[in-house]
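# One predicted model, sequence on top.
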Amino acid sequence: MSLNVKLDRSTLRSQAAEILFNMIKERKFPGNRLPAEEELARRMGVSRATVREALYSLVQLGVITKRQGKGNFCHPTIANLSARLDISTDFLELLRAEGKEARVVHRNLAFTAGTAEARKYLALGEGEEVVRFDRLYYQDGRPAILAEIEIPRNRFKELPSGGEAHPTLKEFYEHYCEGELVKMIIRMKSRIYPPAAEIFQLDGQTPLLWWQEKWLTLEDQPACYASVYFNPGITSLAMVVALG
């Protein structure tokens, strides 16, 4: 891909960022050092300000590191990563990385007292119930992620009917429940959990990555608890951490 193109003037920043991202991904810059902003602007036929905005976007993604007095350095290794948790926790988006097909369905909706973990986090009183259901994610037709969701029953405006689900749990919650979800606390552990292993067609004693999600509303109220299990034969998740 060449930078010698005229970009759509209505989307200069995004177009410039996409071009630079693809060039970095394809290792078009020997020695991983980018040309000066003036040179990039000249090649693209855009202003230096637009190039600076595009560079900033890629710095935020971890694809470029800026060093005062040294210039801009690109990271093809990071550009070629997929399923990055530091960018998105949308499981459908992560499973669709590299062109894979993914979908999610709701199953097993029930009214229950809730698990001990959910009751503790949601601060449920005596006699209060949760609506419990599964969100089962498939990649290329294979079960990849099982999320067991528990939401206080009194938060629901209406109940879901099952089948194909909203793309994200946040969208689901804000459609069916009261309040806006704004924060999620994640704790990662491992667990032997035969029900999930059976769905994944694994031995029941296979240790699984166990991800506990605790959701908070705008008012900082606990709203949702989820136990998430990942099929180790399908899911591969990555994170990028900037070191100063």
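Great, that's in hand.
# where's Arg13, which helix or strand?
If you go by DSSP states H and E, Arg13 is part of helix 12-25.
# Run through the neighbouring helices and strands of the helix or strand following that helix.
As assigned by DSSP H and E, the chain's next helix or strand after helix 12-25 is helix 37-44. The helices and strands touching helix 37-44, judged by 3 or more C-beta pairs under 8 Å, 6 or more residues apart in numbering; DSSP states H and E, are helix 12-25, helix 48-60. Every C-beta, even on glycine, is put in place using the N, C-alpha and C of the backbone.
# For these, could you give me JSON lines that also reports mean pLDDT, mean neighbour count and distance to Leu34?
Below are the helices and strands packed on helix 37-44 laid out as JSON lines (pLDDT from 0 to 100; neighbours: other C-beta atoms under 10 Å; distance: least, C-beta to C-beta, whole Å):
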{"stretch": "helix 12-25", "mean pLDDT": "88", "mean neighbour count": "19", "distance to Leu34": "8"}
{"stretch": "helix 48-60", "mean pLDDT": "92", "mean neighbour count": "18", "distance to Leu34": "8"}
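# Rebuild those as JSON lines, extending it with distance to Phe133.
Below are those laid out as JSON lines (distance: least, C-beta to C-beta, whole Å):
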{"stretch": "helix 12-25", "distance to Phe133": "37"}
{"stretch": "helix 48-60", "distance to Phe133": "35"}
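# Let's verify the closest residue to Leu61 other than its chain neighbours: helix, strand, or coil?
The shortest distance from Leu61 to any non-neighbouring residue, by C-beta to C-beta, 6 or more residues apart in numbering, is to Ile87 (6.9 Å). Here Ile87 is recorded as coil under DSSP: H, G, I helix; E, B strand; the rest coil.
# Quick check: the gap between Ile87 and Leu237.
Taking C-beta to C-beta, to the nearest Å as the measure, Ile87 falls 11 Å from Leu237.
# rewinding a little: please verify my assumption that the residue nearest to Leu61 contacts Val63.
No: counting by C-beta atoms under 8 Å, Ile87 sits too far from Val63 to count as a contact (10.7 Å).
# Of those two, which one has the most company?
Val63 (23 against 16; other C-beta atoms under 10 Å).
# show me what contacts that one?
21, 24, 74-75, 78-79 (C-beta atoms under 8 Å, 6 or more residues apart in numbering).
# Quick check: phi and psi at the closest residue to it other than its chain neighbours.
Nearest residue to Val63 in three dimensions, chain neighbours excluded: Ala79, at 5.0 Å (C-beta to C-beta, 6+ apart). Per-residue torsions, Ala79: phi -60, psi -30 (degrees, to the nearest 10).
# Dump stretch 42-58 to PDB, restricted to CA.
Output of stretch 42-58 as PDB, limited to C-alpha atoms (Å, rounded to 0.1, in the frame of the first residue of the first chain):
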ATOM      1  CA  ARG A  42       3.600  15.400   1.900                       C
ATOM      2  CA  ARG A  43       3.200  11.800   0.700                       C
ATOM      3  CA  MET A  44      -0.500  11.700   1.800                       C
ATOM      4  CA  GLY A  45      -1.400  15.100   0.600                       C
ATOM      5  CA  VAL A  46      -2.800  16.200   4.000                       C
ATOM      6  CA  SER A  47      -1.800  18.700   6.600                       C
ATOM      7  CA  ARG A  48       0.800  18.100   9.200                       C
ATOM      8  CA  ALA A  49      -2.000  18.500  11.800                       C
ATOM      9  CA  THR A  50      -3.900  15.600  10.300                       C
ATOM     10  CA  VAL A  51      -0.800  13.400  10.400                       C
ATOM     11  CA  ARG A  52      -0.200  14.400  14.000                       C
ATOM     12  CA  GLU A  53      -3.800  13.400  14.900                       C
ATOM     13  CA  ALA A  54      -3.400  10.000  13.000                       C
ATOM     14  CA  LEU A  55      -0.200   9.400  14.900                       C
ATOM     15  CA  TYR A  56      -1.800  10.200  18.200                       C
ATOM     16  CA  SER A  57      -4.600   7.600  17.400                       C
ATOM     17  CA  LEU A  58      -1.900   4.900  16.800                       C
END
